[in-house]
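> Need a 3D model of the sequence below.
(chains A, B, C and D)
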There are 2 protein chains.
Amino acid sequence: MKILVVEDDDLISDAIVEYLSDQHYAVEAAYDGQSAWDLLEVFTYDLIVLDVMLPKMDGIVLCRKLRNKGMDIPILMLTARDTLENKIEGLDAGADDYLVKPFELEELSARIRALFRRGGSTTAPILTWEKLSLNPSTCEVFYQDKELALSPKEYKLLEFFLRNGRRVFSRAQILEHLWSFEQVPEEATVKAHIRGLRQKLESVGAPSNLIETVYGLGYRLGEEP
Amino acid sequence: MKILVVEDDDLISDAIVEYLSDQHYAVEAAYDGQSAWDLLEVFTYDLIVLDVMLPKMDGIVLCRKLRNKGMDIPILMLTARDTLENKIEGLDAGADDYLVKPFELEELSARIRALFRRGGSTTAPILTWEKLSLNPSTCEVFYQDKELALSPKEYKLLEFFLRNGRRVFSRAQILEHLWSFEQVPEEATVKAHIRGLRQKLESVGAPSNLIETVYGLGYRLGEEP
DNA sequence: CTTCTACTACCAAAATTTTCATATTCTACC
DNA sequence: GGTAGAATATGAAAATTTTGGTAGTAGAAG
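Here you go, the predicted model:
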């Protein structure tokens, strides 16, 4: 499951991102309304944690814009004060739930799970592509019936592709999404992991183009011939 | 067995939680109706001790909502006064039993046991995995026919895994689930308990991968080769 | 007072991640 | 077609992270 955290306070944002990452969610952060909007136009998320007070575009406006666009992704609003008008405003704008700062991370997590569950009966949490399947809760990956033993980075890399369909990602993009700001390595690292992943995939009989290179642009999931 | 205690009076709640914990139940507390609802949507409990008077959503409403949702978990209602209308209202809402404050903790415990027995024939309270079985009511753990003598923390750790199938948990997550907020120790502690558990498991012939490490991600129950 | 348990610290081993040097492949242009 | 130049693949070594084991202290329980 992929979550976008939109919160301008670094301390709070980092705390949320770290906590949710520990729970094996794929988490990304945006620090103002405009860049959140940009991300949401390009990527697919399963849930948004959205602060109300934001630079450039506040959470209420962003929420309304998303709903007007027909996006029904679950939105969990964060706000500094628990006034009735705040609450009404947030829920009217289309938020699904509402949490008042300061809050316990555990409560945030519980509400996130509740939101997933609410719309959850239809959505299968298992990601698949061709004969490949990945179960995020058990961290198991199968090709047909054979289990793959992936390293953490290989696992996250594959999960990233699986969550983004057939989109092409450059090595720079992959670095941005899978590594945290503090320690971003060289692009050669991505090459190495792509290689590891391909090797392990081929060792269980997957076609070599399952992770396809698009010359000059990057990598993407490939279709069976 | 896992019990949720929903009671807004700290003194009463703490007393109940402590008493039931002493009886080896896994107990969690909620202090208003809404958060109880959230917890119930996410976690699995075997019984609810539910106060009628609650902030945000009273016990009657919560009880009715649960039953409407098709949850048939046993509910033991607590109320301040023994009026007939209270009683009728509670049982109509779907409560299984009824206790009037003030009450003796011993009586509460007796009624809980009675409720467990009532629905007991259908539900299997014994948790199992491969050749491992854990009886939460007696706190006995067996591997095949051999009994394991576990320390309390080791026991809770194993019970936690057994209740969550094959999910992967990081050490941070394990800390959050098995320790209370006040005193969360270092992650090294989890390592120590994992080790203790593995040693005792191996000493009765269990395979070493029964508690499996997923490098960089955490631990989970492992499958027999 | 003794015994058991929980917690922490430290080190060695294992696994993974990263980097670098080199070979191969691809594209565009002549 | 053939070739220069860029991009990617490959292989292996270095650096880092993660984990398992030992030991020792503090504190609670009996």
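> contacts and neighbour counts: CA atoms only from here.
Noted.
> Show me the domain layout of chain A.
By the assignment in automatic domain parsing, chain A contains the domains A:2-118, A:127-221.
> Is the first one positioned near chain B?
By that I understand domain A:2-118. Yes. Counting by Cα under 8 Å from any Cα of the partner chain, contacts between domain A:2-118 and chain B involve A:22-23, A:110-111, A:113-114, A:117.
> What ranges in chain A fall below the confidence cut-off?
A:82-88, A:90, A:117-125, A:225 (pLDDT under 70).
> So which residues on it come close to DNA strand D?
Taking Cα under 7 Å from any atom of the strand as the measure of proximity, chain A contacts DNA strand D at A:188, A:191-192, A:195, A:213-218.
> In a markdown table, list the residues you listed along with neighbour count.
Converted to a markdown table, the residues of chain A next to DNA strand D look like this (neighbours: other Cα atoms under 10 Å in any protein chain shown):
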| residue | neighbour count |
| --- | --- |
| A:Ala188 | 10 |
| A:Lys191 | 12 |
| A:Ala192 | 12 |
| A:Arg195 | 14 |
| A:Thr213 | 17 |
| A:Val214 | 13 |
| A:Tyr215 | 7 |
| A:Gly216 | 7 |
| A:Leu217 | 11 |
| A:Gly218 | 16 |
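> closest to B:Ile126 among the residues you listed?
A:Arg195 (45.3 Å; Cα to Cα).
> Shouldn't the closest one be within a strand?
No. Going by DSSP: H, G, I helix; E, B strand; the rest coil, the assignment for A:Arg195 is helix, not a strand.
> Could you pull up the residues touching it?
If a contact means Cα atoms under 8 Å, 6 or more residues apart in numbering or on different chains, then A:Arg195 has no contacts.
> so how far is chain B from it?
19 Å (Cα to the nearest Cα, to the nearest Å).
> Please, which helix or strand holds A:Met77?
Using DSSP states H and E, A:Met77 maps to strand A:75-79.
> which helices and strands sit right next to that strand?
strand A:47-51, strand A:97-100 (3 or more Cα pairs under 8 Å, 6 or more residues apart in numbering or on different chains; DSSP states H and E).
> Rebuild the ones you listed as CSV, extending it with mean neighbour count.
Output for the helices and strands packed on strand A:75-79, formatted as CSV (neighbours: other Cα under 10 Å):
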stretch, mean neighbour count
strand A:47-51, 25
strand A:97-100, 19
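> Turn those into CSV, including distance to A:Lys146.
Listed next are these as CSV, based on distance: least, Cα to Cα, whole Å:
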stretch, distance to A:Lys146
strand A:47-51, 31
strand A:97-100, 40
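> closest to A:Glu176 out of those strands?
strand A:47-51 (19.0 Å).
> What residues of the next helix or strand after the closest one count as buried?
Beyond strand A:47-51 in the direction of the C-terminus, DSSP H and E gives the next helix or strand as helix A:59-68. Under the neighbour-count criterion of 16 or more other Cα atoms under 10 Å in any protein chain shown, helix A:59-68 has A:59-60, A:62-64, A:66 buried.
> what does stretch A:173-191 give?
Quick answer for stretch A:173-191 (16+ other Cα under 10 Å): A:174-175, A:177-178, A:190.
> Could you do stretch A:25-43 as well?
Neighbour count says stretch A:25-43 has A:25-34, A:36-37, A:39 buried, by 16+ other Cα under 10 Å.
> Nearest to chain B, out of the residues of chain A next to DNA strand D: which one, please.
Chain B lies nearest to A:Ala192 out of these, by Cα to the nearest Cα, at 18.0 Å.
> With that, I have no additional questions.
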